[in-house]
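Novice: how would this look folded up:
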Amino acid sequence: MRNYIKMIGVVLCGGQSIRMGSDKGLICSEAGGKMWANIARDKFSCVSVPSFLSVNQSQIGNYHLHFKEQDLIVDNPTLKIQGPLLGLLSTYLKHPSQDLIVIACDMININEIVLKKLQDLYNSTNAEVIVFKGERIEPLCGIYSSRGLNKIYNAYQKNSLSNNSMMHALEKVETFYVPMPEEWKRFFKNFNTADDLN
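Specialist: Residues are numbered from 1 along each chain as shown. Predicted structure coming up:
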């Protein structure tokens, strides 16, 4: 059985949010006015892990207005990649011995049963990565072990990552794809544009 104490939660907030038109992590929900970054972060309480926010260099100033410096993991400027993979590998380089349980900041519908399912599988399998698969693979809600992230980072260093896609990264590791129950699809809705909020 793995050491669950070695895990940290990471909310991926470092996207460009171009289609939304504003930083998605800092959007406030109508109900209670809580920021999406906090909504996602609070979900980790059901699996009892410390949590952090992954942000890019341009977001630091705005996030310092709402969060402590130690709550943020800033994209590593030495990594010449983009997208969520940059956030994951930046977190790995800062916390190389930690396994990561990850949620994108716009996955505000994720239910605690999803995270508990990931926790159970983490404790009962030896997979390097655990993600859900329904009609499509959902790489932005899952568990990434330090062992798996080390493999992905080594592939990056050897220039064997042909692109920045998460799907390509998952091919470099032992990935366990969890069949997604039909009734769970609503939990994985991404809110990418203002129209999605209606």
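Novice: the strands in the chain, which residues?
Specialist: Ranges of strands within the chain are 7-12, 51-55, 72-74, 99-104, 129-133, 137-144, 175-179, based on DSSP state E.
Novice: Can I get those in a markdown table including mean neighbour count, mean pLDDT and distance to residue 187?
Specialist: For every residue, glycine as well, the C-beta is placed using N, CA and C. Output for these, formatted as a markdown table (neighbours: other Cβ atoms under 10 Å; pLDDT from 0 to 100; distance: least, Cβ to Cβ, whole Å):
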| stretch | mean neighbour count | mean pLDDT | distance to residue 187 |
| --- | --- | --- | --- |
| strand 7-12 | 24 | 96 | 16 |
| strand 51-55 | 24 | 96 | 18 |
| strand 72-74 | 19 | 97 | 24 |
| strand 99-104 | 24 | 96 | 11 |
| strand 129-133 | 22 | 97 | 9 |
| strand 137-144 | 23 | 96 | 8 |
| strand 175-179 | 16 | 97 | 13 |
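Novice: Same list (the ones you listed) but as CSV, adding distance to residue 153.
Specialist: Compiled in CSV, these are given as follows (distance: least, Cβ to Cβ, whole Å):
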stretch, distance to residue 153
strand 7-12, 15
strand 51-55, 15
strand 72-74, 15
strand 99-104, 13
strand 129-133, 13
strand 137-144, 11
strand 175-179, 16
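Novice: what about the ones you listed, which gets the closest to residue 86?
Specialist: Closest to residue 86 of the strands of the chain is strand 51-55 (Cβ to Cβ; 8.6 Å).
Novice: low-confidence ranges in the chain?
Specialist: For the chain, the stretches with pLDDT under 70 are 1-5, 15-21, 30-32, 191-198.
Novice: Going along the chain, name the helices of this structure.
Specialist: For the chain, helices defined by DSSP state H occupy the ranges 36-42, 60-64, 84-94, 112-124, 146-157, 166-170.
Novice: any idea how far the third one is from the chain center?
Specialist: So that's helix 84-94. 10 Å (Cα atoms, centre = their mean, to the nearest Å).
Novice: how far off strand 51-55 does that helix point, in degrees?
Specialist: Angle, helix 84-94 to strand 51-55, by axes from the mean of the first three to the mean of the last three Cα atoms, to 10 degrees: 130 degrees.
Novice: Sounds good, over and out.
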